[in-house]
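Participant: no sequence for this one, just the structure:
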């Protein structure tokens, strides 16, 4: 395989939280690039099967597997199912995440724990399982220059504080250092680990922020580029990070945010 290509033929990719939104778009993009894709879902089986059907229609193999990434047993079963079906994995996109919003003084411990368990602990469990598989399998230079590739899904809120969403912001700040620490630890084993930090993306998780003209206009004041992001914007970034085109990139967060982290409120107040 040429190093200057987005061809992911002979790769097996596992995408968590892939039944809708960013995960679904990423799974489809990887499949369109030639990868076999394991489409993880927690409860939306119909959505996951629709993603698999789209991947198969594009000419690649796909398998839907149910698992709650916050459960160690479920994650181990997810990776076992991927290995049983396809032999190994080469790419992990740890995308599964959720929000349980509340003011901090009103937030329940269950709301705090559920977000941390899925968004942060879930990423650790999936990364750990992928790294174990990469190390056991070893390099496959005919397929990829890297022994394995992981893309963690973070958020602009790994750097932008977010009142009313302290559990979510804390989880994404944790993802940042989880990713960087793992990248540092395993770079010499040929494993590349990076993150994508999306800004405002048109997905069901934040529908209230863009679903009316008034809400969208308010949101766009935070986005210098002047449009809301689409799931495909993030998927294309994940595709690049999963390919040999980014072979010298590890431990990096790629912000896909239309400039949200440029703090546009300061444009005329500096």
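Facilitator: Sure, I can see it. Not measured: the values here are computed from a predicted model. Numbers count the residues shown, from 1 in each chain.

Participant: need the helix or strand of this protein with the lowest average pLDDT.
Facilitator: helix 213-220 (a mean of 89; mean pLDDT, DSSP states H and E).

Participant: which other helices and strands contact the next helix or strand after that helix?
Facilitator: Remark: after helix 213-220, the chain's next helix or strand is helix 231-242, criterion DSSP states H and E. In terms of contacts (3 or more Cβ pairs under 8 Å, 6 or more residues apart in numbering; DSSP states H and E), helix 231-242 is packed against helix 21-32, strand 91-94, strand 148-153, strand 191-198, strand 253-256. For every residue, glycine as well, the C-beta is placed using N, CA and C.

Participant: on that earlier part again, which residues are in contact with the least confident helix or strand of the chain?
Facilitator: 200, 208-210, 226-228 (Cβ atoms under 8 Å, 6 or more residues apart in numbering).

Participant: buried ones among these?
Facilitator: Listed as buried from the contacts of helix 213-220 are 200, 209-210, 228; burial here means 16 or more other Cβ atoms under 10 Å.

Participant: in strands, which of the residues you listed fall?
Facilitator: In this view, the buried ones among the contacts of helix 213-220 have no member that belongs to strands under DSSP state E.

Participant: mind checking pLDDT for residue 270?
Facilitator: Per-residue confidence (pLDDT) for residue 270: 59.

Participant: my bad, should have said residue 2
Facilitator: According to the predicted model, the pLDDT of residue 2 comes to 46.

Participant: burial measure for the residue lying closest to residue 66 once chain neighbours are set aside, as a count.
Facilitator: Spatially, and ignoring its direct neighbours in sequence, residue 66 is nearest to residue 41 (5.9 Å; Cβ to Cβ, 6 or more residues apart in numbering). The local packing of residue 41 (other Cβ atoms under 10 Å) involves 25 other residues.

Participant: about what we covered before: single out the most deeply packed of the helices and strands packed on helix 231-242.
Facilitator: Ranked by mean neighbour count, the helices and strands packed on helix 231-242 are led by strand 91-94 with a mean of 30 (mean count of other Cβ atoms under 10 Å).

Participant: pull the longest helix from the protein.
Facilitator: helix 166-186 (DSSP state H).

Participant: circling back to that earlier point, would you mark the buried spots in the least confident helix or strand of the chain?
Facilitator: Those would be 219-220, for helix 213-220 by 16+ other Cβ under 10 Å.

Participant: cool, stretch 45-65 as well?
Facilitator: In stretch 45-65, counting by 16+ other Cβ under 10 Å, buried: 47-48, 50-52, 54-55, 60, 62-65.

Participant: among those, which are in strands?
Facilitator: Among the buried residues of stretch 45-65, the ones falling in strands (DSSP E) are 62-65.

Participant: what's the farthest-apart pair in those?
Facilitator: 62 and 65 (10.3 Å; Cβ to Cβ).

Participant: which neighbours do the two share?
Facilitator: 38-39.

Participant: and the pLDDT for the residue nearest to residue 66?
Facilitator: pLDDT, residue 41: 98.

Participant: just residue 124 next, same as before
Facilitator: According to the prediction, residue 124 has pLDDT 98.

Participant: chain center to the helix or strand in which it is found: distance?
Facilitator: In the assignment (DSSP H and E), residue 124 maps to helix 122-137. Mean-position distance between helix 122-137 and its chain equals 15 Å (Cα atoms, centre = their mean, to the nearest Å).

Participant: and what of stretch 55-65?
Facilitator: Worked out by Cα atoms, centre = their mean, stretch 55-65 lies 19 Å from the chain centre.

Participant: which ones are touching the residue nearest to residue 205 when sequence neighbours are not counted?
Facilitator: Spatially, and ignoring its direct neighbours in sequence, residue 205 is nearest to residue 99 (6.1 Å; Cβ to Cβ, 6+ apart). Counting by Cβ under 8 Å, 6+ apart, residue 99 touches 115, 165, 168, 205.

Participant: in a helix, the last one, correct?
Facilitator: Yes: according to DSSP: H, G, I helix; E, B strand; the rest coil, the state of residue 205 is that of a helix.
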